[in-house]
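J.: Build me a model from this:
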Amino acid sequence: MNRSFHTISRTLQDTSKISSVKRAFESANSIKEIPRKTIDNRFIPDLTNKKRYNPFDFSIASQRFQSKIFNVKKSKIMENSSFNSSEINPLDFYTLPHLLSNYVNTSGQILHRSVTGLSAKKQKQVSKAIRRARSFGFMSCVANDVSTFPKRGDSL
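T.: Now for the predicted structure:
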């Protein structure tokens, strides 16, 4: 009688181990996917098929060089902005919301300097002009300017 009790208890222990392993496996499979992180393209070297590369391409000095090139491209973009010239003061344009609406997204948030391409000084002036236009009621606080919306009958 003792012997049968031990064999039954062993089989019960084995089944409990198997069920705990099954539970652990099922919980591991039910884990949600981890969101993928993206890497900025300027940190990825351009290595196409049958292209030679130098060990310098993988060094920190290469990344510094690439960031200098990126800053030059960014400065060229900033030169093309209408508010970046020294003669124009964006604070004078608070009464013209159709011009300021280019610097606001669809939900009414002021766009960041990296998006607008303005210098730091001009970005502050543009954001101040937008806040003035909102306080005087020329611009909406919660949406883009109405003049930018599609008109009735216009095709999208």
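J.: what about residue 86, which SS state?
T.: Secondary structure, DSSP: H, G, I helix; E, B strand; the rest coil: residue 86 is coil.
J.: What of the one 5 residues further on?
T.: Recorded secondary structure, residue 91: helix (three-state DSSP).
J.: And residue 49, by the same measure?
T.: The assignment at residue 49 comes out as coil when based on three-state DSSP.
J.: Now do the helices in the protein.
T.: Applying DSSP state H to the chain gives helices spanning 2-29, 60-79, 97-100, 113-116, 120-136.
J.: Which strands and helices lie in contact with the third one?
T.: Judged by 3 or more Cβ pairs under 8 Å, 6 or more residues apart in numbering; DSSP states H and E, helix 97-100 is in contact with helix 120-136. In this view, the C-beta of every residue, glycine as well, is placed from N, C-alpha and C.
J.: how far away is the closest residue to residue 108 other than its chain neighbours from residue 152?
T.: Leaving aside its chain neighbours, residue 108 sits nearest to residue 142 (4.8 Å; criterion: Cβ to Cβ, 6 or more residues apart in numbering). For residue 142, the distance to residue 152 (Cβ to Cβ, to the nearest Å) stands at 22 Å.
J.: ok, these two, which is more surrounded?
T.: Each of residue 142 and residue 152 has its neighbours counted (other Cβ atoms under 10 Å); residue 142 has more, 8 against 5.
J.: State the distance from that one to residue 106.
T.: Separation of residue 142 from residue 106 (Cβ to Cβ): 10 Å.
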